[in-house]
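Student: A structural model of the following input is requested.
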Amino acid sequence: MKHAASGAVASRASRQAMAIPRAIAAPSLRVSAPVSFAAQQLLHGRRSMACAATTTPKEETFQYQAEVDRLMDMIVNSLYSNREVFLRELISNASDALDKVRFVSLTQPEIMKGREEMEIRIKADKENNTIIIEDSGIGMSREQLLSNLGTIARSGTRKFMEMMKEQSKGGDNNLIGQFGVGFYSAFLVADRVKVQSKSHEDGTQWCWEAAAGSHQYKVYEDPEAGSAPLVRGSRITLHLKEDAQEYADPVRLGRLIKQYSQFISFPIKLLSMKKEPVQVVDEEATARKQEAADKAAAEKGEEAKKVEPVMKTDYKEAWDWRVENENKPIWLRSPKEVSAETYNDFFKQTFSEFLDPLAHVHFNVEGTIEFSSLLYIPGMAPFDQQNWNQRSRSIKLYVKRVFISDEFDDDLMPRYLSFVKGVVDSSDLPLNVSREILQESRIVRVIRKQLVRRSIEMMEDLAKKEGGEDYKTFWESFGRNLKIGVIEDTENRERLSKLLRFYSSKAEDTMTSLDEYVGRMREGQKQIFYMAADNVQAARAAPFVEKLVAKGYEVLYLTEAIDEAMVTNLAKYGDRELVDVTKEGLALEADAEDKAKEEALAKEFAPVVDFLKKSLGERVEKVVVSNRLTDSPCALVTSKFGWSANMERIMRTQALGDTRSMEYMKGRKILEINPEHDIVRGIKQLLGEKDEDRARDLSELLFETSLITSGFQVDSPKDYASKVFTLMKIALGQDPAPAAAPSTSSSSSGSSKAVEAEVIDPNDPWKNKK
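Tutor: Take a look at the predicted model:
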């Protein structure tokens, strides 16, 4: 049976093998063109079927196949979303080559002979549409060209660092490119790239050349070695694409160098045009001078003489190498070595500011994660500060002195600290960092935490500064940002709350901190009182603070729209609760005598309370006798968990407010009456006289007036105004009732009837004939 089955399998395999085309089945076929991966797999499968009858398949190991041009295209375009970074990458590679030759020269100083300058030169050629980047670095031999440029994602820098580590020779290991794909960013703007290089280990100058979209490259001995020799280093020539010709402009390249590579430790020289002053003869002025001299000589009868030519300053264009990265990364220096003037100049130059910063902090973090940072608090707020949707570009991220981006603010700093400007230089992030890498990186989370902590420390130091004028300026510019921080940053809420400043009933002209408030609290006071209003004057005149101020309690005045939401999120300061004086449940200290008096008044005015609740109906949740009023007859407070009058007013102004949630969040109104006020006692007297109609009218007017004084809106301003006008007429001694319209009434039926007008003439002849 086994032989029969084996024969059947062999027979089927033979028939299937016979069915395939000869061109594919023939084992002696020689393929001159590259065979695609799919064709290779088909060929392998057919051969396996043909051999199934004679051999048992064994486990085999294969290497992945890839179309190199497609792979390179995917790598470059996925790593680099901004094509202008090609210059940053190539300059970084050149900087690494210079670092390597500097390290090797410590033990082999002879390699510097012939070209001791360590520099990077860049030339843009508009006519030929090329960019040439040349360095005097370590250079590459033929084998190194094949190894470093012929193998995608192979990093010569990383290999060099591994060699240093193995030899344990130390040296500068702060090299930039360790991933191995930076060079290929050249194909973002170039359709052909040529690399000429000469190593100190090889006396021959070699050339590497490749085209975009090709899976082949050439390496050959450079025929230009005689006409354009390299003593040592590399020269990269980019033949730009048609849509990248803008980069063949020295001005554009200069901006890119200053943006991305201005802090590279080696000089970057750009061939730029400059205008040099020269002295030339002013022909017109000289002619006029000669003419005047000739005329004067003629008048004197003397022979005319040639005058000295008149010179003028003219400017001629000249091309010269100009250093583009003269700024030094001061954040890498020790803070003790940098003066305050240097810090201020760096801030104004880097961030295009014209005022000195209010404060700065310079620090280095060492350990498992290392980075350096320099942070500033600007001297004034930007004009577009309130536009929270716009990127602030306040934090510039560098990786080993190479600028990466200034669009990572949200990842490196919370939104409320967007006003803090500064630089961050990390040695642990990859050079081709992206937003996705930042969001998932543990390194970035550590950096963010440190930046927030140092920023808050910088503000704390500013608040402790003698005089307080700098912090006053800071608060006027960035106080709202800290209030947003109290809402959003729960981790640092306590520290931020110490930086808050408010006006209060005891500090209406100068702002006070919560610590200062606590220091002035009455003995036994356990709560911090606050009142939200449009301004200090409105808060001072509000009925809610009358008794508090009279008894010596201090009330914080919250005068900005964000204040109430911020204090609600803060809830407590230390172990003291923050209490809104416009809401129910305000408990003031009272002795036994005061409590007995309050109970007696509540009992005495119980009929007034019941009558007002009955008259006002659902417009108020309840009516109570107040313990917070002294001068006002009444006030409308809100329930503890609803919006206050101030918050309700703010939410009404929101362009995209939700009316349904607004109705749900409105606080229920509670009418508190002052039993010692004449109006309230007058209503009590009317009720004793059974004059409920007049008492009801007064109750309506009292309620609508309390809406206004408590910060709410009157439902019908017209009706309220009519009632006020009526009171004005009474005060003037006029009849408040409107004049009745003339009409005739029928005595028999009692119903009114229109009468037609009749003209009566005393001489009417028909008058006596009726």
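
Student: Please count neighbours and contacts with C-alpha atoms only from this point.
Tutor: OK.

Student: What are the boundaries of the strands in the stretch 601-750 of the chain?
Tutor: Assigned by DSSP state E, counting those that start in this stretch, the strands in the stretch 601-750 of the chain fall at 622-625, 634-638, 669-673.

Student: now what about the last one, what contacts it?
Tutor: Which is strand 669-673. 584, 619-626, 629, 633-639, 680, 703 (Cα atoms under 8 Å, 6 or more residues apart in numbering).

Student: closest one to Leu240 among the strands of the stretch 601-750 of the chain?
Tutor: Leu240 lies closest to strand 634-638 among the strands of the stretch 601-750 of the chain, at 70.7 Å (Cα to Cα).

Student: From the contacts of strand 669-673, list the buried ones, please.
Tutor: Buried members of the contacts of strand 669-673, scored by 16 or more other Cα atoms under 10 Å, are 584, 620, 622-626, 629, 633-639, 680, 703.

Student: If you average pLDDT per helix and strand, which one of this structure comes out bottom?
Tutor: Counting by mean pLDDT, DSSP states H and E, the chain has its least confident helix or strand at helix 22-25, which shows a mean of 36.

Student: how near is Ala287 to Lys306?
Tutor: Counting by Cα to Cα, to the nearest Å, the separation of Ala287 from Lys306 is 10 Å.

Student: what stretches of the chain score poorly on pLDDT?
Tutor: Across the chain, the stretches falling below the confidence threshold (pLDDT under 70) are 1-58, 62-79, 151-181, 384-391, 409, 431-440, 655-665, 737-770.

Student: biggest helix in it by residues?
Tutor: helix 442-463 (DSSP state H).

Student: Counting by contacts, list what it packs against.
Tutor: strand 359-365, helix 409-412, helix 469-488 (3 or more Cα pairs under 8 Å, 6 or more residues apart in numbering; DSSP states H and E).

Student: Partner strands of the helix or strand following the shortest one and their direction?
Tutor: Helices and strands here follow DSSP states H and E; after helix 409-412, the next one along the chain is strand 421-426. Within its sheet, strand 421-426 is paired with strand 371-377 (antiparallel), strand 395-399 (parallel), according to DSSP bridges.

Student: Would you mind getting the angle between strand 421-426 and helix 442-463?
Tutor: Comparing the axes of strand 421-426 and helix 442-463 via axes from the mean of the first three to the mean of the last three Cα atoms, to 10 degrees yields an angle of 140 degrees.

Student: Other residues contacting strand 421-426?
Tutor: Outside strand 421-426, the residues within contact range by Cα under 8 Å, 6+ apart are 351, 370-378, 394-401.

Student: any chance of the helices and strands packed on helix 442-463 in a markdown table, with mean neighbour count and distance to Pro277 too?
Tutor: Below are those laid out as a markdown table (neighbours: other Cα atoms under 10 Å; distance: least, Cα to Cα, whole Å):
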| stretch | mean neighbour count | distance to Pro277 |
| --- | --- | --- |
| strand 359-365 | 18 | 42 |
| helix 409-412 | 20 | 45 |
| helix 469-488 | 18 | 47 |
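
Student: Quick one: closest of these to Lys198.
Tutor: Nearest of the helices and strands packed on helix 442-463 (Cα to Cα): strand 359-365, 38.6 Å.

Student: name the helices or strands packed onto that closest one?
Tutor: With contacts taken as 3+ Cα pairs under 8 Å, 6+ apart, strand 359-365 sits against strand 371-377, helix 442-463.

Student: now it, how far from the centre of its chain.
Tutor: Chain-centre distance of strand 359-365: 20 Å, with Cα atoms, centre = their mean, to the nearest Å.
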